[in-house]
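Visitor: Sequence below, structure please.
(2 chains)
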There are 2 protein chains.
Amino acid sequence: MSILFNLTFFQIASIVISLLAFGAAFWLYKWVSSQPSSNQRIAEVGKLIRNGANTFLAKEYKTLVRFCTVAAILIFIFLPVPVWKGNVLDNVIMAVSYILGTIFSGIAGKIGISIATIANIKAAEAATKGIKPSFMSGFRGGAVMGMAVVGSSLLGVTLVFLITGDTTALLGFSFGASSMALFAKAGGGIFTKTADISADLCGKVELGIPEDDPRNPAVIADNVGDNVGDVAGMGADLFDSNVASMAAALVMAAALDKTAGGFVNAAMVFCYAAIGLFASLIGVLSARMKEGGDPTRALNTNTYVTTAIFAVLTAIATYAFDFKWEIWAASAIGLAVGVIIGIASDYFTDDRRPPVHAVAKACESGPAFTILSGVSYGLISALPSMIGIGVSALAAYKICEPLGNGYAMFGISMAAVGMLSIVGMIISNDAYGPIVDNARGLVEMGSLGDEALEITDSLDSAGNTVKAVTKGFAIGAAGLTVIALLGAFMSEVNTAATEAGMISAGENYIQGFDIINPVVFFGLLFGAAIPAVFSAMLMLGVDRNAQRMVAEIHRQFKEIVGLKEGKADPEYDKCIEIATHGAIKELIPAGLMVIICTILVGIIGGVQAIGGFITGNIISGLLFALFMSNSGGLWDNTKKYIEAGNNGGKGSDAHKAGVVGDTVGDPFKDTAGPSINTQITVVSLVASLTATIFLTFSLFG
Amino acid sequence: MSILFNLTFFQIASIVISLLAFGAAFWLYKWVSSQPSSNQRIAEVGKLIRNGANTFLAKEYKTLVRFCTVAAILIFIFLPVPVWKGNVLDNVIMAVSYILGTIFSGIAGKIGISIATIANIKAAEAATKGIKPSFMSGFRGGAVMGMAVVGSSLLGVTLVFLITGDTTALLGFSFGASSMALFAKAGGGIFTKTADISADLCGKVELGIPEDDPRNPAVIADNVGDNVGDVAGMGADLFDSNVASMAAALVMAAALDKTAGGFVNAAMVFCYAAIGLFASLIGVLSARMKEGGDPTRALNTNTYVTTAIFAVLTAIATYAFDFKWEIWAASAIGLAVGVIIGIASDYFTDDRRPPVHAVAKACESGPAFTILSGVSYGLISALPSMIGIGVSALAAYKICEPLGNGYAMFGISMAAVGMLSIVGMIISNDAYGPIVDNARGLVEMGSLGDEALEITDSLDSAGNTVKAVTKGFAIGAAGLTVIALLGAFMSEVNTAATEAGMISAGENYIQGFDIINPVVFFGLLFGAAIPAVFSAMLMLGVDRNAQRMVAEIHRQFKEIVGLKEGKADPEYDKCIEIATHGAIKELIPAGLMVIICTILVGIIGGVQAIGGFITGNIISGLLFALFMSNSGGLWDNTKKYIEAGNNGGKGSDAHKAGVVGDTVGDPFKDTAGPSINTQITVVSLVASLTATIFLTFSLFG
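Guide: The predicted structure is shown next:
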């Protein structure tokens, strides 16, 4: 690598490309905003949704500020070493990095919500003109979120590293992003399913009025939920994974660079991440759909195009800058496995495949069989992805191992970076879903006609199909990232041990985590139970919160005269308030439980127990995340499959059983399952950040 | 230890006490058989149940013979080393030990089924005279099974070790027991739930006739199911765990004894196991209940008495024979944790505790909430047991570690032996449940009056309560046993490596399994997915099989004239045939999947990958076993709680939702959950037995 192309060059290039992404987001934002909208009714409802989403965001951010203030103070006092033992400036850097992590993620979330609540209106109106303009409004709205998330994550990581030159600060930034993700994904997940379930239960089941009927007091909350849960939540989740993968790779690259005497490995991380963003940028801007085309194919084509651009450009960069081909291979494998996991998830949730047909058949025997078969296929669906994640980690490790000590784990982290390289595209596809889902609701509420409804139906269905792929992808990416974080945890412990004078430079305090060590085994068992408990707490939270909202809906129908007849408006904001308030309230204990257990394990068994704890957490977390997401998607599509006229069709007993399955699946797939991603990252980061403390203190370690 | 009290002394003592247990079983068998029975109708139905159970056993054993013949031939060819490489006699010993393992377990199962199908009649008739004689018939019937299982497992292990002096042969014996358990527990589990669900669906739901109504063609199959699933299945499962814990302890004791130059550790295993059996013997024979007493308390008192006797007698033996107190402490901790896990399971399934009340409340909101809350509490319920198993392994390890190299893992295995010491009592309590459940059915079919029905209801309810404890206990015991088997696996690998000349004597080929090794990590991820897939396959098996039986029941009601009016008898045997045939058919692919995946992982990653695979399997296996057993128990008791008049009572919407929960819970708690125990043991044993092969051959190991 010449003097010109040093680390700074790639950092500046990353900043430039991040800014390009912001530019693209701005241009797309303008484009979407400039689309015509004239329907009064839609504008009104759209405004209600926007205000509702803002209410949630305001409340969420307010609570987050409190939470983060406490966390930042604790970080300042204790990290990276207790403030009375080390350099105050280091502690300030950590605390500030943490706060920046939440802010960068928060900004991306705010932009995403903002455009999503405009794009839904535009997509609804455009549906009266044809599928193409409606698709473009939906997709480009989603793309704003995609570009904002990836631009701001790359920008944040680069700035923090450029200014501090400190990889531990990066972990602090990453932890900030995780805190945000915990609130956005788990809190948003509770919000959206509270509203969804309550709206269905009171509307469709009790009153027999259609979905999205404006008389239903929960209907706006339901539409808001799509935005805060799926747009902001998924965005924060992938922001978190993306930052964590870069942070883990940079922690290990920095350790390698010290040995190698250069900055080639860190440079490579920035180079690949920037190329990934650039590839997504091209993919997003070039996305088109022909009039009469298939939206699912259009979305998938974008993904494949982006993947190909990334693979080719990184190969050229590797050649041009004389990077190591083994690392390139690792990142390419990561990306390929990501796509494969997506396809596997798709198989188990696609209504043209045997699993959906089998569950639909089971619906004919009643709800119990619906649940049993859905649970069973969900459990089986985890197998290919678990093997895929294991194989990609194994392959990346083995390919990079010959490069020297430390390269093997760096290879795994670069596989994660590779898998997450196209995350800009993935988020665009994912955010498209709730936008067109909302658009469908608006078309119905605005009475825009059957043709427009048909168009938004087909766009919505494409969103659901693609969602299975993006969810599988998100879980796979989180899996590889946390394996890399385990490496980062070891790096942190070894660095801390060197600094504490426990070992001399170049030595390793821990070489690994031996399963036969009972402290590690204890950690494994404890850690494995955490995702189960965490997801259970969130599901019970949805349950409790839905009960509150149902009571409120009943109250409104009882007290507001003329509501049932459509002569009076319901108090939508009351339902939004309940969903918001409950989501935050139910989330806090679950989040604290995770953090406290991690610290508890550290106190009991020290760093070895924490190594086991992280591993147990990863393994069972991936298993439960895959199981819950796929079971949920399977039930959702089964219900739709029956509604399309199969196995008795709408109104049949099979359909009723299908609705039960779908209701169980809702918190599975939209609250608990995807939140586990974030939970795993939180555990890994808390462990890495507190490593120094448990190095010198533990009961049995 | 004097010359008199050598290993042989303790082996002979074990044989004597085993024979005493058989003697007690014989005496109890006679006692139960001699109880009066005069009711013609009950005798008839009882005979149908007995014949049905025998039909299943005959079919099961026939298939097992075929399966075992193939397995024995493969074992003869390949184990302990390929027959062309080693001593033919060793291979013969392995194959014969394997076959003996199946036979000893099979005999115990046959005895248990035989008495259970007599005791149910006796308990039913005795119920007309009062709760005390009815309880004694039920309990002593169960005790026959308890004594037979523990007697035959201790006898088998002692004989094999005494004759061959070879610990690898013990693993062969243990694998035989596991094969039997796989058929009995998983096959029996599919049988019992097929019959149970079909009988309920067609009887209670479609026709509105009561449970145990003789017009229902599936009613006898349902009663047979209680016997083959709960009596024979649970017996084979605990036979398996008991043998595996002794085998694992002896494998490690033998390795220690070589170093120490004596046989004191192996002697200790036999001494403790024999005392455990003796304590159970005393507990079982002294069990009484006062007229008007509480059967739950009577059953639990027996358990505590046995526990206390074991603790005191082993302390005396440790003092008298100069054993190591650290090992005694380890086994005492194992036993204590077993009891604690049982109590934790009880909390989550007891209808006087908050979880049942919360799920009953959720039932009022419909079946989806019933499922969500039941799943949530089931997931949470796993936490204390996971921590308990981890802590007991950690404590046993730390206490025994100072004794020297190898003692730490031996300590864990002795914790498992300690936990399983009272297994004779546990099986007696457990087998009591289905006997009095059957008795309740017979009282109803024989119209013995409301008072008798009330008595058997209260006995049945006690059985259900105690069952939660015994199930938690069984899972905990399996957990500690498989951790010990992981140690045995390492021992086997090191011995094989020494014999192959890969290392010199005293060296270790593997020291442990490092999580950071990607081959181990791959194994962890793969292994963790297996219990999920295995349980899913069994549940889908129940589903498919129930569909076949429902079709048969519909056919009978259509074709047999006068059946609905009670004027013609249904063809009970047809339903039994379907349940039997389907159970075996559905079980085979699940069992083969487990064995093939284990071997596949060995081929891919060698012994290190297998170490990870076993560990991933244990961790997620325990988690799923606890979750499924406890969720299932929770739903079962919730339904009963509602039926007792709470939350709307029988016939309410909440009750209907409760029935859905119970139906989902049935295969959770009686098919999938407890079968995972066996699945874990099978993986560990297949891995240990094939260790030699993967030592010299693997793709990436």
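Visitor: So which residue is dead centre in chain A?
Guide: Among the residues of chain A, residue A:237 comes closest to the average C-alpha position under Cα atoms, centre = their mean, at 2.8 Å.
Visitor: Per-residue pLDDT of that residue, please?
Guide: At residue A:237 the predicted local confidence, pLDDT, stands at 89.
Visitor: And residue A:506, by the same measure?
Guide: What the model reports as pLDDT for residue A:506 is 68.
Visitor: coming back round to it: tell me the contacts of the residue nearest to the centre of chain A?
Guide: In this structure, residue A:237 makes contact with A:181, A:184-185, A:474, A:674, A:677-678, judged by Cβ atoms under 8 Å, 6 or more residues apart in numbering or on different chains. C-beta: built from backbone N, CA, C; applies to glycine.
Visitor: Select the helix or strand of chain A having the lowest average pLDDT value.
Guide: Least confident element among the helices and strands of chain A, by mean pLDDT, DSSP states H and E: helix A:450-499 (a mean of 83).
Visitor: hmm, back to that, can you tell me the helix or strand for the residue nearest to the centre of chain A?
Guide: For residue A:237, the element it lies in under DSSP states H and E is helix A:234-260.
Visitor: The residue nearest to residue A:286 when sequence neighbours are not counted: neighbour count?
Guide: Using Cβ to Cβ, 6 or more residues apart in numbering or on different chains and skipping the chain neighbours, the partner closest in space to residue A:286 is residue A:305 (7.2 Å). Neighbourhood size, residue A:305 [other Cβ atoms under 10 Å in any protein chain shown]: 17.
Visitor: Does residue A:305 touch residue A:285 like I think?
Guide: No - counting by Cβ atoms under 8 Å, residue A:305 does not reach residue A:285; the two are 11.1 Å apart.
Visitor: How far away from the center of its chain is the helix or strand encompassing residue A:558?
Guide: Taking DSSP H and E as the definition, one finds residue A:558 inside helix A:518-559. With Cα atoms, centre = their mean, to the nearest Å as the basis, helix A:518-559 stands 19 Å off its chain's centre.
Visitor: and whatever helix or strand comes next after it, does that touch chain B?
Guide: Per DSSP H and E, the first helix or strand lying C-terminal to helix A:518-559 is helix A:572-643. Yes - Helix A:572-643 reaches chain B (Cβ under 8 Å from any Cβ of the partner chain) through A:605, A:611-612, A:615-616, A:619-620, A:622-623, A:627.
Visitor: filter the residues you listed to the buried ones?
Guide: With neighbours counted by 16 or more other Cβ atoms under 10 Å in any protein chain shown, the residues of helix A:572-643 next to chain B contain buried members at A:605, A:611-612, A:615-616, A:619-620, A:622-623, A:627.
Visitor: Within range of chain B, give me the residues from the stretch 101-250 of chain A.
Guide: Taking Cβ under 8 Å from any Cβ as the criterion, the stretch 101-250 of chain A approaches chain B at residues A:197, A:201, A:205.
Visitor: ok, now with 10 Å
Guide: A:193, A:197, A:200-201, A:205 (Cβ under 10 Å from any Cβ of the partner chain).
Visitor: Go through those and single out the one with the most neighbours.
Guide: Neighbour-wise, these (other Cβ under 10 Å) top out at residue A:193, 31 neighbours.
Visitor: how about low-confidence regions in chain A?
Guide: Scanning chain A for pLDDT under 70 picks out A:1-5, A:260-261, A:506, A:701.
Visitor: picking up where we left off before, return the set of buried residues in the host helix or strand of the residue nearest to residue A:286.
Guide: Assigning secondary structure by DSSP H and E places residue A:305 in helix A:295-320. Residues of helix A:295-320 classed as buried: A:295-296, A:298-303, A:305-307, A:309-311, A:313-315, A:317-318 (neighbour count, 16+ other Cβ under 10 Å).
Visitor: Now the element after the helix or strand residue A:98 falls within, going C-ward?
Guide: Take DSSP H and E as the rule and residue A:98 turns out to sit in helix A:88-126. Helices and strands here follow DSSP H and E; after helix A:88-126, the next one along the chain is helix A:131-164.
Visitor: Now for the contacts of residue A:237: which two are most distant?
Guide: Distances among these were taken as Cβ to Cβ; the most separated pair is A:184 and A:474, at 13.5 Å.
Visitor: so what's in contact with those two at the same time?
Guide: Taking Cβ atoms under 10 Å, 6 or more residues apart in numbering or on different chains as the contact rule, the neighbours common to residue A:184 and residue A:474 are A:234, A:237.
Visitor: who's more crowded, the two?
Guide: When neighbours are counted by other Cβ under 10 Å, residue A:184 and residue A:474 differ, and residue A:184 comes out ahead with 32 against 28.
Visitor: residues contacting the more buried one?
Guide: By Cβ under 10 Å, 6+ apart, the neighbours of residue A:184 are A:56-57, A:60-61, A:64, A:105-106, A:109, A:113, A:228-229, A:231-237, A:239-240, A:675, A:678.
Visitor: how near is residue A:381 to residue A:372?
Guide: Residue A:381 sits at a distance of 15 Å from residue A:372 (criterion: Cβ to Cβ, to the nearest Å).
Visitor: Next: residue A:292.
Guide: Going from residue A:292 to residue A:372 by Cβ to Cβ gives 41 Å.
Visitor: In terms of neighbours, single out the busier of those two.
Guide: The residue with more neighbours, out of residue A:292 and residue A:372, is residue A:372; 28 against 8, by other Cβ under 10 Å.
Visitor: Contacts only, for the more buried one.
Guide: Contact partners of residue A:372, counting by Cβ under 10 Å, 6+ apart, are A:359, A:362, A:365, B:193, B:197, B:536, B:539-540, B:542-543, B:546, B:663-668, B:672.
Visitor: ok, now residue A:534?
Guide: Counting by Cβ under 10 Å, 6+ apart, the residues that residue A:534 touches are A:186, A:590-591, A:593-594, A:597, A:617, A:621, A:624, A:672, A:675-676, A:678-680, A:682-683, B:379-380.
Visitor: cool, and residue A:659?
Guide: If a contact means Cβ under 10 Å, 6+ apart, then residue A:659 has A:200-201, A:204-205, A:363, A:367, A:370, A:635, A:639, A:642-643, B:366-368 as its contacts.
Visitor: Okay, and which of these map to strands?
Guide: Cross-referencing these with the strands (criterion: DSSP state E) gives no overlap at all.
Visitor: mind giving me CSV with those and columns for distance to residue A:266?
Guide: Rendered in CSV, the data for those read as follows (distance: Cβ to Cβ, whole Å):
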residue, distance to residue A:266
A:200, 50
A:201, 53
A:204, 54
A:205, 56
A:363, 54
A:367, 54
A:370, 51
A:635, 45
A:639, 49
A:642, 53
A:643, 52
B:366, 55
B:367, 54
B:368, 50
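Visitor: Which of these are buried, as a ChimeraX select command?
Guide: Buried members of these can be picked out in ChimeraX with the line below, counting by 16+ other Cβ under 10 Å:
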select /A:200,201,363,367,370,635,639,642 /B:366,367,368
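Visitor: between the contacts of residue A:659, which is closest to residue B:99?
Guide: If you rank those by distance to residue B:99 using Cβ to Cβ, residue A:370 comes first, at 43.4 Å.
Visitor: Please name the spatially closest residue to residue A:169 (chain neighbours excluded).
Guide: Across the structure, with Cβ to Cβ, 6+ apart as the measure, the residue nearest residue A:169 apart from its sequence neighbours is residue A:97 (4.3 Å).
Visitor: shouldn't that neighbour be in contact with residue A:160?
Guide: Yes - with the criterion set as Cβ atoms under 10 Å, residue A:97 and residue A:160 qualify as a contacting pair; they are 5.4 Å apart.
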